[in-house]
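Participant: Sequence plus predicted model, see below.
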Amino acid sequence: MTAEPVFGQLRRAFHQELLQSMLRTDSQRVPSNADKDSVLSVQIATGILHRLGENRSGTV
């Protein structure tokens, strides 16, 4: 078994930091990085959250 490359480790740590500190969904489940008035923006931002492995709710 090989060790994860440093870049992969750093990327994973960065994504965890984003999920813990910035990326949230509001009470309508709209991600904090989306333009809530744009359906496409909400879909893209939701996809980003899912790819990062989190579907976290919280106050934005």
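Facilitator: The structure has been received and is ready for your questions.

Participant: Please make it C-alpha for all contacts and neighbour counts, starting now.
Facilitator: Will do.

Participant: State the pLDDT value of residue 42.
Facilitator: Looking at residue 42, its pLDDT reads 97.

Participant: Apart from its neighbours in sequence, what residue is nearest it?
Facilitator: In space, and not counting its chain neighbours, residue 42 is closest to residue 34: 5.1 Å by Cα to Cα, 6 or more residues apart in numbering.

Participant: State the three-state secondary structure for the one you found.
Facilitator: Following DSSP: H, G, I helix; E, B strand; the rest coil, we place residue 34 in the coil state.

Participant: measure it to residue 14 for me?
Facilitator: Remark: distance between residue 34 and residue 14 (Cα to Cα, to the nearest Å) = 19 Å.

Participant: higher neighbour count, those two?
Facilitator: Using other Cα atoms under 10 Å as the criterion, residue 34 and residue 14 rank with residue 34 on top: 18 against 12.

Participant: Quick one: mean pLDDT for the host helix or strand of residue 18?
Facilitator: Under DSSP states H and E, the secondary-structure element containing residue 18 is helix 6-21. Averaging pLDDT along helix 6-21 gives 90.

Participant: I'd like to know which elements that helix is packed against.
Facilitator: Helices and strands touching helix 6-21, as assessed by 3 or more Cα pairs under 8 Å, 6 or more residues apart in numbering; DSSP states H and E, are absent.

Participant: Tell me the buried residues in that helix?
Facilitator: Neighbour-count burial for helix 6-21, counted by 16 or more other Cα atoms under 10 Å, picks out 15, 19.

Participant: Quick check: next helix or strand after that helix?
Facilitator: Past helix 6-21, the next helix or strand by DSSP H and E is helix 39-52.

Participant: buried stuff in that following helix?
Facilitator: Using 16+ other Cα under 10 Å as the test for burial, helix 39-52 gives 41, 42, 45, 46, 48, 49.

Participant: Kindly calculate the angle that that helix makes with helix 6-21.
Facilitator: Orientation check (axes from the mean of the first three to the mean of the last three Cα atoms, to 10 degrees): helix 39-52 against helix 6-21 gives 120 degrees.
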